[in-house]
Structures are given as C-alpha cells and as structure tokens.
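Asker: Just the structure for this:
(chains A, B, C and D)
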Protein chains: 4
Amino acid sequence: KADIATELITESTCRQWSQPLRRDKASHKGSHGHLLILAGSPGKTGAALLAARGALRSGCGLVSLCVPHLLNAIFETALLEAMTIPLRNSPSFIGIADRDHILEAAINKKAIVLGPGLGTNPATAELVLFLYQQLRQPLIIDADALNILASHPHQVGEPAGPRIFTPHPGELGRLANVTVREIQDNRLAATRKACTLFKRNDHQIIVVLKGAGTIVAVDNGMAMINTTGNPGMATGGMGDVLSGIIGALICQGIEPLQAAAMAVYLHGAAGDELLQQQGVGYSASELADTLPSTIHTHIRQRKSNEECF
Amino acid sequence: KADIATELITESTCRQWSQPLRRDKASHKGSHGHLLILAGSPGKTGAALLAARGALRSGCGLVSLCVPHLLNAIFETALLEAMTIPLRNSPSFIGIADRDHILEAAINKKAIVLGPGLGTNPATAELVLFLYQQLRQPLIIDADALNILASHPHQVGEPAGPRIFTPHPGELGRLANVTVREIQDNRLAATRKACTLFKRNDHQIIVVLKGAGTIVAVDNGMAMINTTGNPGMATGGMGDVLSGIIGALICQGIEPLQAAAMAVYLHGAAGDELLQQQGVGYSASELADTLPSTIHTHIRQRKSNEECF
Amino acid sequence: KADIATELITESTCRQWSQPLRRDKASHKGSHGHLLILAGSPGKTGAALLAARGALRSGCGLVSLCVPHLLNAIFETALLEAMTIPLRNSPSFIGIADRDHILEAAINKKAIVLGPGLGTNPATAELVLFLYQQLRQPLIIDADALNILASHPHQVGEPAGPRIFTPHPGELGRLANVTVREIQDNRLAATRKACTLFKRNDHQIIVVLKGAGTIVAVDNGMAMINTTGNPGMATGGMGDVLSGIIGALICQGIEPLQAAAMAVYLHGAAGDELLQQQGVGYSASELADTLPSTIHTHIRQRKSNEECF
Amino acid sequence: KADIATELITESTCRQWSQPLRRDKASHKGSHGHLLILAGSPGKTGAALLAARGALRSGCGLVSLCVPHLLNAIFETALLEAMTIPLRNSPSFIGIADRDHILEAAINKKAIVLGPGLGTNPATAELVLFLYQQLRQPLIIDADALNILASHPHQVGEPAGPRIFTPHPGELGRLANVTVREIQDNRLAATRKACTLFKRNDHQIIVVLKGAGTIVAVDNGMAMINTTGNPGMATGGMGDVLSGIIGALICQGIEPLQAAAMAVYLHGAAGDELLQQQGVGYSASELADTLPSTIHTHIRQRKSNEECF
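Answerer: This is a model prediction of the structure:
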C-alpha cells in the first residue's frame, strides 16, 4: 500500500479546490445551492440548528430543515435565515411515515445532511436506511444516523449517490465493530478500512474520522490529515456545525471529497481563531459565526480588481 | 424611446431624496410612520421577521405584523420591538377570512408589506387579490404575493394605491410569462415592460428587479440601476429585509419610487460593509442590523450644529 | 407662580441624587430592590420584556413579571435574568380575576411598573383601577394603564402610594382631556396641571411628559426639563425601557421624583451614545443594554480606592 | 482550632489546582466530562439556563438538563449547545415520579447540579431528599434544593457522594436555623459549622457561603476566602452561573473542594472584568460568556510551544 497517497490538508490544498466558491457578480441565491437538513428530536434540536447555522455561515444559498412538526416553533424562533418543513406524520421524531414528503423536499437540493440529534427509534431507523439507498445527492451522515447504520449492518443497502460519514472514534467503533483503542492506534488505517466497509457500487464512500488530526479518507485508499483545530473544540455541538459546512461546500459546487476536507480545515481554523480570541469555552454557535471571516482569510481573499469573490 | 431616462442610483442621488429623513428634534414615533407587514407561514416565519427587522433598523417609527395566530409566539419571542396582531381566523396561513381584521389593522398605516413567507394556498391568494385592489396605501409586494399574482393573471384588478413589486428574475418570469433567460438578456427592458403589465389606472406601478445591478422602474418608462451590492447577498432572507426597508422609507415620507431606489442602494451598501468586515457568509439579520450605520454614513451625516438628524 | 422652580436635569443634578446607587462591598441582590412588572398581552409582550430589560440593566437587584399564563413561554425564552409569575386566571390578558395573586406578588417589591403592552379590556381596566388605589409602593403607570385611567376618569380613586405617570403627549391629552396641540404649546404648564388632576391625598403625583425635552413635574409645582435624548428615540419600545429604568432606580433607593428625572436623563444619554455609534435605527433593546456604561460614565465613575461603586 | 488553615483564594492558588484543565491535543468532548443539571420550573427556567451556560463556558464537555416536559421548548430555543431530557412524569415541576428516569440520566455524568429555579413543592422535595442520598457523584446543591433541605432537616439522610452547598446568607440561615445577622457577624465560623451540620459519613461536605468575600469551607475545618468579585454581581442569575461553573470544573477532573474554590474565584474575576468594561448592570448571561477569556487570562495562559491548553 506504499503507493496510496496520504496528504496534509492545508490552506494551500484548500485554495486549490476553491474555484467553485468564486462568485460571479450576477450570482443569485439559487447559484449557491439549497441544502436539506434532516435532524433534530426532543432534547436535541440544538444539533439541527447548529448544522443549519454552520451551512448558512459557509455561504450556502438556501437551507431548509425537515423537522418533527411539534418542534417546529423551536426552529423558527431560533434561526431566521433557514426555512423549515414541518413533517405532518412525525410529531416528535422524524420517521418513515414521512418518506414521501421528504423525497419531495429533497428534489431540488444539492446535498443532504442526515443525523444530528435525530434519535434512533425504529421508525427513524427505517427512514435512515431507506434514504441511504434512495437519495441520489451527496449525503452527509452524522451522529444518530451513524448509530442507526451501526446497529443495522445487514440492512445497509446500495447507496444511490456519494455518502460522507462523519464519525468520531466511538461512532466509528460501532460502525466497524472494533474498539476505540484499535481505531486510535491507527486512525489512518481505520478510516480507510471503514470506506471499504460501506463500498457497494460506483458511488463514492468518504469517511471523516473526527478528533485531533481529523482524517478524511475515500474508498480508493486516498486519505488526508487535517492540520487545524484544537482541544477547545471538544465540546457539544461542534460536530453538528461541521456537517453543515460540508453540506454547504457541496451545495456551492465543490466535489464531496474536497468539500469534506476543506470543511474540516475551515472548522478547525475557525476554532483556532476563537481559541486565540477567547480561550477554551468558545461555543459551537460562535464557531459557526466565525466561518465567514475564516473562509475569507484562508480561502477567498477577494481581489478587489476582479468581478469575483 | 430614446427620451426615456435611465439613471444610476448612487449616494448622491439618494441624498437628494433624503430630506424627509431629516428629523426635527420634536419628532415622536408617530412622526416616522407605522408599517404593517402581512407575512409568514409555517416554516417561513423568518421571512416576516427579517422584513420587520429591516424596517425597524431603517428608522420606521412603528412596525406591526398581522400573523397567523398559531405562530404568534414565534414572532413575539424573536423580535421585541415590533408588535403583532394575531389573526383569529388564520390559524397557520393568513387568509381571506381575516380580511376585515386586516383592513382595520391597515387604517393608520403609511405603507404595507405583503408577501414574505406568506404561502400560496387558495384563501391566501384570495386575500392577496382582494388587498391588491382595496388598500390605498403603497403596497410592497414580494415573494409569495408575487407568485399569487402570477398564477391569477386575469384576477389582478385595479389597484387602489401605488404598488411596488420586488421580484427576482424567477418571480418576474412567472409574473410576465417569459423565461428567466429573456429577462436576464435585457433586464432593463423586462423591468420596464413589467410596469406596463400591471398598469390599470393612475396609481403608480413600480417594479424592482433584484439581482446584480438591481433595477427600479416605474410605469412612465423611467428606470434606475443600482450601484451597490455583492454576491454575498445571494442567500436566504436578504430579499425580505429589502421589502422592510422600502416600507420604512415610505413610512418616513419618501415617495414610493425614490423609497424603492434608496432602499436597494442602502441594502446593497450594508451588504458591501459586511463583505468588507466578514467576507461571504454574513447573514440577513446582520445586514438589517448594519442599516443604521449605513444610512448614517451614506445619507444622514448629521451636522452637529443643526437641530435635525 | 414665579416662585415655582424649573430646573434642568443635567449630569450634575443626577450626581447629586446618586448617593443611594453607591454600593457597599457587602451588598447582595436583595440590597438593590425587587421590581414587579405588570405588563404584556398578545402582540405586545415585547413591551413588557423591554421594561424588564431596562430595569435589569439599570442595576435592579431582581425583576419579576406577572404575565398571562398562555404567554409565559415567550417571556422565559426571551429573557433569562428575570423571573415570571404566570397568572392562573389570566390566559391572555392580565385581569381583576388575579388580583389576590398580584397583591401577594407585590408584597416584597419596592416599586411596580404597570402598563406596557397591557391591553385595555374591561377586566384589565378593573384591575388597573383597583391596584391604583391599593398598592402602597411607588407605581410607574405607562401606556395602556394610562389609557385605562383616561377612559375611567370618575373611577380613579385615592392612591395608596406615590404614582408616576409617564405619558407621551397623546396619552396626556386623553388623560387631561385636552388636545395634543394645547399640550405641546405649553408642555411645562400641561405637565404641572396633570399633576394636580390626579392629586387626591398626601401621596406624591409625578408626571413625566415624554418627547423632546422630557418634562418631569410633581404636584407641588416643581418641574424639571431633561437635556439629553435625540429623535432616533422616536421608535417603538423606547418608552417601555424608560418605565423599567424608573422602577429600577426607585428599587435602589432613590426617591420617586429624582428617580424619574434621573431615568429620563440616563435614557436620553444612552440614546445619544447609540446615535453617535450607529446613527438613527438603533433599537430599544440596544438602548437598554447600553445603560450600564451610560450610568458608569455619567453617574457612578467608581473611585478605585473606595469600597463603593 | 488555631491549627485550622484559612487561606485566600487567589490566582496563584487556582493555578496550582489547574493541572486537570490542561488539555491533551487528542482530547475529545468525552474527556471533559458530562454535567447533568436538574433545575427549572415555570417562571424560573432562566436559572437553569444560566447554570448550563456557566458550565458550557467553563469548558465542560457536554451539558444535559432534565426538564419538566411542558417547559422543554423554552430550553431548546434559548440554548443550542446543551441537550435536554424532557421528563415524562413532570409536566411543570421536576418530581419524585421521574426518579428512575433521572437515575438513568445520571449514570454517565461526572457531576450534578441540583436546585436553580427548581421550586419547592412536595414531589420536588421528595426527589431532592432521595437524590441527596442516592447519587454517588459530586452534587452541587443550590437555591430551591437548599430550601428543601432546610425545611426537612430530619429527613436529610446520608449522602452517597460529595455534597457542595452554595447558599447565600439567607439560605444558610434557613439551613442552619440561625439569623442572617449571626452568619454575617462571623461568616467563617458559620460556614465551617454548616459543614459539620450535614456531615454523616466519609463523603465530603463543602459549603460555599456567597457574598462579598465568598467563603468555601470543608468538613475538616479548612476554609478559604475569595478575593475577587464586586457588588455589580448582586443581581438575579449570578448564583445560577456559579453552580454551573463548579459542576464544569468537577467534570474536567478538578477535586470538588478545589473546583468550588476555583469557581468562585473565576466567577468573581469575570464580574470584575465586566465591571471594568461596562459598570454595574452587566448581566449573568454576559458573565457566563466572559468566562473563557477569564479562565484563559487567570489560569490557562496557553504556552504556544506545548501540546496542551
């Protein structure tokens, strides 16, 4: 396996991928993609909101969230710039009973985030397994959606599009049926192996193993290691923001693998800015709100004499 | 048509129109107009809230929103400075069943915003068509209200006052029954033509075609092209804020055509400030909150030795 | 009446009154008074919240709001530092059916704000008239409570404690049954006269006539004219914040007349700071949040070598 | 008792205890502990939210709140980074009927805050007395939980783990059945005595007597006096934030006694920063949000050439 590339994710690599982020003066909100987020349940709506906030702050054109209808007011009050789609048949947990409504909602979306704060009850599990097979768009699979796939290994079917898994080591352990120790002893190998685990057809399987030196691997063996971030990010909600950033970058036209890698870089870089400003204790909401300046500093650096941004 | 004026909207032109914004020391909240906003439905309350925030930050004296009564708590929690009027007969969508209540609410208002996040169901459509004909005040027609007019072309009656349409190219395409391509190929002509499409009587028809170089045209052929703004504004909620600014400027005594032109200028200028400060990813809420300093910098520049502002 | 004093309210006069604001190192939240606010109804909860915010930012020890129980969640979500008392018998409007609950809530309070966003329905009116006679504490009477007193002139009984009226000219016109023109032609005389109108017994009647050069008059003919403020304050919610400041200053031990005068000074000075920072369009919430630094600059100027603040 | 140590709590002492706060680069949110908060009732949800905010801003890995299910939406809307556990059998007040659910929620938690805004009704009292005996984790007991213990002196059983009481003088008076005057006359003796009052077995009893010069005493007679803080902290919500900080520091591995002492130091130091920035009138929310920089300045001072924070 000596010929398999392992790269560092740096500002320089991110810039190479950033061409789609350049905005033509005549661009409109439709030009920058519409992200769909399937997330949130009682006690965990914050996870869904943080994913949406991460996406909006990364330049996504539009963000919609499918939400259990009894929780809709929470979402509407807490975030004005996203839209919600209250699911008629899902009072508190998003479930299979709303599959048609969700497929309809997915039609014009460029990427879909599935999982933050979703819960793992049977109707939700059935939906996650169904969408995994049905949705043609890149699907960012996080948190409870990962746990559902982990507990139904034999029901994980063929994906209809690229799939980006974003586990932390505990979630990857459950997915790959290995111990956290085994993963942490060789994070690179574990992440690569996880890609092959879910490989079924031509569609790309990308695994993002979170933690210090986040790894992004794809099913051809290629893997990248992130160079940003700090332990102040080891707090609730940070992972939710990351899933939103990945979705937003795909919506803006970046390829899923590069989007995942650039997202972990920007996510860590925003955390690094906040650590300098405040010290440990900065919040996931603040990290999301820092993203515009992080992206500007590291990626965009608009040249004032051009018509692009 | 060589004699038809086309002007740029610049700081200088905006200043020429800004006399009504000068405030006498003895002015009170009634002096600066009361705006009514008819907007919001499940999943899209943010649109209504952003319109209100745009209006308040542009110096409007008072802002009230007519809202579906089941959604009232969302509005009250998210924005303290506006008042709401929960509509008894409209649980989730504003509809014709509340027409008397709405006409009563409109009595002392100087301008009315109709449309952001309104939804397009039949009872709402009936109300929009009714108010289009009934309300004597300048009516800013945005988003779903535009879509309703577009799908009922033969039921659009005679307006009872000035009408300001604020479509993006997709909405104008539906209104004028042409393709987006045709519009974008000659934005100026398309906007002018749209004015004549709705002209029925003496009341002014103004069309604001959003996008890079927003165009403001009026039914006599006069058109203006905006010089501010950037593609970071291509994200959800920005248009809602604009409708609120137009309403607020009319409430403060500026003529509808000049109010529309000045609003697009200020809206773009606020976006330009945020692009400098943060880069792409700034939010519509932030754009609204930037307006006071934008207006101060570009328009008001209070002279300390005068009793006006 | 040549012997009746008319003074300007300046930083210097406010400082003379400010001794009770000096805080002993061993002071605790009970030392700085507990304010009760009776305010808010559907569509107007923001008024109550802004009064509470004004009070908390002026250094009040504790703030509680009696609220209609169906609206309780709005208050709790929007303001963490205040407590609420949901009224069992008042679903949407505070009314006479909760008089015992309210009297009990008033027991340990040092001042009470009555009126912002209260509504004027009959059960509310009955309560306002009842509390006007019953409460021994200084009562700050604003907005709808003023309108209720205005429409029941013959039922306004003897107050059981000091009463501070905070009308704008329209409200004073209704209270005194004169035109706004008559008031504005001689604001000083109109304010003084209004004091005598409500004078029934030994308890002080103070009238604060809002507007440019706010006047504070008391029933002995003494009147003061404020020197701060600007027309950017002519927007919704500003008056609600003022009522909270007056309440907070009384809670901290300042006499009602001086509290009213100092509150109008600080309220205007905070507005002046915001006008400098932003220009017109600053919000009532922001004005409340500016108060700590306004009070520090104008009044407290803590001497670092003393044990007081 | 001349041999019993009394120390000042200073930056220097806090730094000596701060080793567990140093973060390894590979740390994750599980490394920094999960805090459980049992708090909040109608009218007092702000207290629970402020405790959570204090904990999150002090670097806690995860924070969950057990909440009455009818109040759940308030918590979810107001704080995105914490999770909630809506209690099925507790509509408005947390009570004994949910004891099994709470014991289950407590399983993987490193510390538990009990009391802010909890209310004192019988079912809540029964729960507090039960958890006092059952929970093996350090339990931070504040506000209404203190009042419950005070009114059931003969039912306070043997604790199953360390117990940290955080009374203000009024609460300590009720707990120890003495007057506030007696306490304030000799705060040190009163705090030490209170420790012995609750001593039943080997588990540590720590008492934090709030007020100017907060005292932290433990049952072996050792006591410490805080050197930070100012009377601007004498306002609602400040104590709630403190309970969250104590919990967060224990979650991060600091021993309960040192956590309590360091928490009062940081809490006061954050208040001192805000007093300098704003003057009196800063809010408890702001104090929580100031903690990251306070901790950074006083404790962490990250050395850039190390892999720790």
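
Asker: Nearest residue to whatever residue of chain A ends up closest to chain D in space, ignoring adjacent ones along the chain?
Answerer: Nearest residue of chain A to chain D (CB to the nearest CB) works out as A:Gly279 at 2.6 Å. Where you see a C-beta, it was placed from the backbone N, CA and C, and this is true even at glycine. Leaving out its chain neighbours, the residue that sits closest to A:Gly279 by CB to CB, 6 or more residues apart in numbering or on different chains is D:His296, at 2.6 Å.

Asker: Likewise for A:Gly161?
Answerer: A:Arg136 (4.4 Å).

Asker: On the three-state scheme, the one you found is what?
Answerer: Taking DSSP: H, G, I helix; E, B strand; the rest coil as the rule, one finds A:Arg136 in the coil state.

Asker: Counting neighbours, what do you get for it?
Answerer: The number of residues packed around A:Arg136, counting by other CB atoms under 10 Å in any protein chain shown, is 12.

Asker: same check, this time on the one 5 residues further on
Answerer: A count of neighbours around A:Ile141, defined by other CB under 10 Å, yields 29.

Asker: For it, list each beta-bridge partner.
Answerer: Counting by DSSP bridges, A:Ile141 is bridged to A:Leu114, A:Phe165.

Asker: What separation do you get for the nearest residue to A:Pro231 once chain neighbours are set aside and chain B?
Answerer: The spatial neighbour of A:Pro231 that comes closest, neighbours along the chain excluded (CB to CB, 6+ apart), is D:Arg23 at 3.8 Å. Distance, D:Arg23 to chain B, by CB to the nearest CB, to the nearest Å: 28 Å.

Asker: Just the closest residue of the stretch 1-150 of chain A to chain C, please.
Answerer: For the stretch 1-150 of chain A, CB to the nearest CB, closest residue to chain C: A:Thr77, 7.0 Å.

Asker: I'd like to check which residues are in contact with that residue.
Answerer: B:Ala73, B:Ile74, B:Thr77, B:Ala78, C:Thr77, D:Thr77 (CB atoms under 8 Å, 6 or more residues apart in numbering or on different chains).

Asker: May I have whatever helix or strand it lives in exported as PDB, CA atoms only?
Answerer: Assigned by DSSP states H and E, A:Thr77 belongs to helix A:72-78. C-alpha atoms of helix A:72-78 as PDB (Å, rounded to 0.1, in the frame of the first residue of the first chain):
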ATOM      1  CA  ASN A  72     -41.200  23.500  14.500                       C
ATOM      2  CA  ALA A  73     -41.600  26.600  16.600                       C
ATOM      3  CA  ILE A  74     -38.300  26.000  18.300                       C
ATOM      4  CA  PHE A  75     -36.500  26.000  14.900                       C
ATOM      5  CA  GLU A  76     -38.400  29.000  13.600                       C
ATOM      6  CA  THR A  77     -37.700  31.100  16.700                       C
ATOM      7  CA  ALA A  78     -34.000  30.300  16.900                       C
END
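
Asker: right, and the helix or strand after it?
Answerer: strand A:83-87.

Asker: ok, and for the helix or strand following that following strand, which residues are buried?
Answerer: Towards the C-terminus, the helix or strand next in line after strand A:83-87, according to DSSP H and E, is helix A:99-106. Neighbour counts over helix A:99-106 (16 or more other CB atoms under 10 Å in any protein chain shown) mark A:Arg99, A:His101, A:Ile102, A:Ala105, A:Ala106 as buried.

Asker: same for helix A:99-106, what does it pack against?
Answerer: Helices and strands touching helix A:99-106, by 3 or more CB pairs under 8 Å, 6 or more residues apart in numbering or on different chains; DSSP states H and E, are strand A:34-38, strand A:62-68, strand A:83-87, helix A:122-134.

Asker: Format these as TSV; extra columns: distance to D:Arg200 and mean neighbour count.
Answerer: As requested, the helices and strands packed on helix A:99-106 are arranged in TSV below (distance: least, CB to CB, whole Å; neighbours: other CB atoms under 10 Å in any protein chain shown):
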stretch	distance to D:Arg200	mean neighbour count
strand A:34-38	51	28
strand A:62-68	46	25
strand A:83-87	52	23
helix A:122-134	46	19
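
Asker: Which of the ones you listed sits closest to C:Cys251?
Answerer: Of all these, strand A:83-87 sits nearest to C:Cys251, with 41.3 Å by CB to CB.

Asker: And the contacts of the closest one?
Answerer: Contacts of strand A:83-87 (CB under 8 Å, 6+ apart): A:62-69, A:72, A:75-76, A:94, A:98, A:101-102, A:105, B:42-44, B:46, B:236.

Asker: Pairing partners for that strand, with directions?
Answerer: Strand A:83-87 is paired, per DSSP bridges, with strand A:62-68 (parallel).

Asker: Any chance you could give me the partner strand in PDB, C-alpha atoms only?
Answerer: What follows is strand A:62-68, C-alpha atoms only, in PDB (Å, rounded to 0.1, in the frame of the first residue of the first chain):
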ATOM      1  CA  LEU A  62     -30.600  28.300   1.000                       C
ATOM      2  CA  VAL A  63     -31.000  26.000   3.900                       C
ATOM      3  CA  SER A  64     -34.200  24.000   4.700                       C
ATOM      4  CA  LEU A  65     -34.800  21.700   7.600                       C
ATOM      5  CA  CYS A  66     -37.300  18.900   7.700                       C
ATOM      6  CA  VAL A  67     -38.500  18.800  11.300                       C
ATOM      7  CA  PRO A  68     -40.900  17.000  13.500                       C
END
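
Asker: Kindly give the local confidence score, pLDDT, for A:Asn177.
Answerer: Note on A:Asn177: pLDDT of 95.

Asker: ok, now A:Ala150?
Answerer: For A:Ala150, the predicted pLDDT is 97.

Asker: Give me the neighbour count for it.
Answerer: Neighbours around A:Ala150, by other CB under 10 Å: 18.

Asker: re the thing from before, for D:Leu49, see how far away the residue of the stretch 1-150 of chain A closest to chain C is.
Answerer: 14 Å (CB to CB, to the nearest Å).

Asker: Check A:Ala248 too.
Answerer: Relative to D:Leu49, and taking CB to CB, A:Ala248 is found at 29 Å.

Asker: Equivalent analysis for A:Ile246, please.
Answerer: From A:Ile246 to D:Leu49 the distance is 30 Å (CB to CB).

Asker: Tell me which residues touch the nearest residue to A:Leu70 once chain neighbours are set aside, please.
Answerer: The shortest distance from A:Leu70 to any non-neighbouring residue, by CB to CB, 6+ apart, is to A:Pro91 (4.8 Å). Taking CB under 8 Å, 6+ apart as the contact definition, A:Pro91 lies against A:Pro68, A:His69, A:Leu70.
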